[in-house]
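**Student:** 3D, please:
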Amino acid sequence: MLADSANSTGDVVFDDTLKQGLATDLQQSPFLNILPDQKVRATLKLMGHSVEEGLTPEVAQEICQRTGSKAVIAGSIASVGSKYVVGLNAVDCQTGESLARQQAQGAKKEEVLNALDQAATKLRENVGESLSTIQTYDTPLAQATTPSLEALKAYSLGLRAAQTKGSSAALPLYQRAIELDPNFALAYLYLGNYYRDVGELKLAKENLQKAYDLSSHVSEGEKYEISSFYFGFVTGEQQKAIQTYELWSQAYPRNWVPRNRLGVIYSTLGQHEKALAEYQEAARLNPDSAIPYANLVQAYCALNRLGEAKGTYQLAMSRKLDRFDLHSNRYGVAFLEGDVEEMQRQVDWATGRSDAEGRFLSAQSDTEAFSGHLGRARELSRRAVDSARRAGKGEAAAEWEMNAALREVEFGNAVQARSATAAALALASTRDVQTLAALALARAGEPDRARKMADELQKQNPLNTRINGYFLPTIRLAIEINRKALAKTIEMLQAAVPSELGNPDPDPVVGATLYPVYVRGQAYLLLRQGSAAAAEFQKFLDYRSVVVNCPLGALARLGLARSYALQGDSTKAKAAYQDFLTLWKDADPDIPILIAAKAEYAKLH
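**Tutor:** Below you'll find the model as predicted:
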């Protein structure tokens, strides 16, 4: 447990900075586990204290006792003439006895971080860490972070802002840290991650690239963190990201982060059992973070273990943990169970929240579209886009617009799809928006534009597993859907098979779930291979808990009916048509695909 550092110098630059520097130093150790800030704040609440209250040694010791931790480490800094004296004291939580003390001096202000380094290294020795691991994991603080005290202070304040006020509040503080030290790799890393949180993926990519470019001198743990984000998000090399996370978790077995992120990759690859195991371990290592619980809800849902998904959500709520994807994943479970009241509770939670409102409005639009309520879906998508734009999230707004475009094209409204795609590209022409736009244009009868965009995506992202293995084969098959090379292109789409049951990037809330399967089914229909088409569309029913409320899950029922009709099985065809038409019994009557379905069904009688 880290207490606040006592600063008697009168210089405010040391407020927060000394403690952050100490945390960075100690986190290099594979054996020292610092009590997470979420747990500290939760314990303060239980004690009846404000989460903003200072962590004096006395308060820190009580938190340490309540959480079953081993020791409190408190730092101090004082000025003696022109010199600065940095002190560290590790105290046994239960007895209050000092376990180790260290002190180091800096001849001037600029040498304080070096003095802190010296004291922290000696302290690690004193509490029993071996000299070999200290030598391996002991990057100088000024090198691991920044030699600028002012930049480190802005970074520290950014971490606090993110934890107490959310990602958006942290952005200007990290930007300030980078202004003060343009070589501050960790600040670029966190800035990139928080841009991801708010949906600004282009800015996220740029900052994560910069962090990777500057990562040669950071600590070992931070190298793992930066590299994993670089491979997982910037280049999209998922196998390299997996290898990095595995090495990271082996080197730092008490760190929950690589376990959680490894689970995320497995989830995108459709390996939900593996994802579940990683999320469970992440939650065990850090039971006070909402993140692994949110992911556990999603993993249980994907595996159709809805009771356990709900139980995990309730456990998170009982621990006073909160996060937007906890609620969005719970919304998905409620949809699968037809629990309209629970869905509305989750929507009510998101209303007015800049980090969640647009996402939930878009999810609601898919729910309405699933039953053929296209007018309502359009209105909800419009509100989702407006919400994101008001919050300054241009890329998120573009993704919600693309969600609407994909829905329109599959419902038979190519003109509206092209219009929505143009609007999305005007909002944010980023890699992920272009990926969805190319897919929409390919399906909307603009093969030349779609091919040009696909070629450019492949050129710019030659290593990206998801783009090259999931989206580009789907886009190219959609382009060739009415051409002679169709059978050959279907074979190419087999590349997507290993991951087609995964949560698709760029955003699982965008209705692209099982898209390779859907387009492959459409291609088989055109080739009049009814049995092969039926096998594809049946996957949407077999994996309903992966599809959730993606409108393709509704349209697959019609695809199945058409497949049976091609096979000459009128009994199965009639049943499948009835299934679709019953689901869409209250649908807007002017939807082209519904009009076609009714005409086809009438011909069977």
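
**Student:** Could you chop this protein up by domain?
**Tutor:** 6-140, 351-603 (automatic domain parsing).

**Student:** rank the ones you listed by pLDDT, which is bottom?
**Tutor:** With a mean of 89, domain 6-140 has the lowest mean pLDDT of the domains of the chain.

**Student:** so how far is that one from its chain's centroid?
**Tutor:** 31 Å (C-alpha atoms, centre = their mean, to the nearest Å).

**Student:** now stretch 390-404
**Tutor:** For stretch 390-404, the distance to the chain centre is 16 Å (C-alpha atoms, centre = their mean).

**Student:** Also stretch 514-523?
**Tutor:** With C-alpha atoms, centre = their mean, you get 26 Å for stretch 514-523.

**Student:** Can you report how many residues lie near the closest residue to V297 other than its chain neighbours?
**Tutor:** Excluding its sequence neighbours, the residue lying closest to V297 (C-beta to C-beta, 6 or more residues apart in numbering) is N329, at 4.1 Å. (Each C-beta comes from the backbone N, C-alpha and C, glycine too.) Residue neighbour count, defined by other C-beta atoms under 10 Å, stands at 27 for N329.

**Student:** So for N329, what's the pLDDT?
**Tutor:** pLDDT, N329: 95.

**Student:** Surely it is within a strand?
**Tutor:** No - per DSSP: H, G, I helix; E, B strand; the rest coil, N329 lies outside any strand segment and is helix.

**Student:** ok, back up a step: right, so the domains of the chain: which one is the most enclosed?
**Tutor:** domain 351-603 (a mean of 20; mean count of other C-beta atoms under 10 Å).

**Student:** Can you show me the helices along the stretch 251-400 of the chain?
**Tutor:** Secondary structure of the stretch 251-400 of the chain (DSSP state H, counting those that start in this stretch): helices located at 257-268, 272-285, 290-302, 306-318, 324-337, 340-350, 357-370, 374-390, 394-410.

**Student:** Now tell me what touches the second one from outside.
**Tutor:** Which is helix 272-285. 254-257, 259-260, 262-264, 266-267, 289, 291-293, 295-296, 299-300, 302-303, 501, 546 (C-beta atoms under 8 Å, 6 or more residues apart in numbering).

**Student:** Kindly recompute the last result at 6 Å.
**Tutor:** 256, 259-260, 262-263, 266-267, 292, 295-296, 299, 302-303 (C-beta atoms under 6 Å, 6 or more residues apart in numbering).

**Student:** just the first one next, same as before
**Tutor:** By C-beta under 6 Å, 6+ apart, the residues outside helix 257-268 that reach it are 238, 241-242, 245, 248-249, 274-275, 278-279, 281-282, 292, 295, 502-503.

**Student:** the inter-axis angle of it versus helix 272-285?
**Tutor:** Interaxial angle of helix 257-268 relative to helix 272-285 (axes from the mean of the first three to the mean of the last three C-alpha atoms, to 10 degrees): 160 degrees.

**Student:** shouldn't V517 be in contact with F540?
**Tutor:** No - proximity of V517 to F540 does not meet the contact threshold set by C-beta atoms under 6 Å, at 7.1 Å.

**Student:** ok now do the residue sitting furthest away from the middle of the chain, which residues does it touch?
**Tutor:** In terms of distance from the mean C-alpha position of the chain, G81 ranks first, at 49.8 Å (C-alpha atoms, centre = their mean). By C-beta under 6 Å, 6+ apart, G81 lies in contact with nothing.

**Student:** where exactly do the helices run in the stretch 51-200 of the chain?
**Tutor:** 57-66, 112-126, 131-136, 141-144, 149-165, 167-180, 185-197.

**Student:** Show the model's pLDDT score for W349.
**Tutor:** W349 is given a pLDDT of 97.

**Student:** nearest spatial neighbour of it, skipping sequence neighbours?
**Tutor:** Per C-beta to C-beta, 6+ apart, closest to W349 is H327, 5.3 Å.

**Student:** One more: S228?
**Tutor:** Nearest to S228 is T244, by C-beta to C-beta, 6+ apart, at 4.3 Å.

**Student:** do you know how far the one you found is from A187?
**Tutor:** T244 is 21 Å from A187, where distance means C-beta to C-beta, to the nearest Å.

**Student:** R451 too?
**Tutor:** 40 Å.

**Student:** Burial check on the residue nearest to S228, number of neighbours?
**Tutor:** 24.

**Student:** nearest spatial neighbour of T312, skipping sequence neighbours?
**Tutor:** Per C-beta to C-beta, 6+ apart, closest to T312 is L296, 4.7 Å.

**Student:** swap in Y230?
**Tutor:** Y230 sits nearest to Y212 (C-beta to C-beta, 6+ apart), 4.0 Å away.

**Student:** contacting residues around R562?
**Tutor:** Taking C-beta under 6 Å, 6+ apart, one finds L525 in contact with R562.

**Student:** ok, 8 Å please
**Tutor:** L525, A533, A573, E600.

**Student:** Among those residues, name the ones in helices.
**Tutor:** L525, A533, A573, E600 (DSSP state H).

**Student:** Of the residues you listed, just say which sits nearest to G87.
**Tutor:** Nearest to G87 among those, counting by C-beta to C-beta, is A533 at 73.2 Å.

**Student:** Pull the contacting residues for the closest one.
**Tutor:** Contacts of A533 by C-beta under 8 Å, 6+ apart are G521, Q522, Y524, L525, G559, R562, S563, L566.

**Student:** Strands along the stretch 1-150 of the chain, start to end?
**Tutor:** Taking DSSP state E, counting those that start in this stretch as the test, the strands found in the stretch 1-150 of the chain are 6-7, 71-80, 83-92, 98-106.

**Student:** Just send those strands back as CSV, with distance to V497 too.
**Tutor:** Converted to CSV, these look like this (distance: least, C-beta to C-beta, whole Å):
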stretch, distance to V497
strand 6-7, 59
strand 71-80, 52
strand 83-92, 54
strand 98-106, 56
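
**Student:** contacting residues for S531?
**Tutor:** S563, Q567.

**Student:** Next one: it from K603, what distance?
**Tutor:** For S531, the distance to K603 - C-beta to C-beta - is 21 Å.
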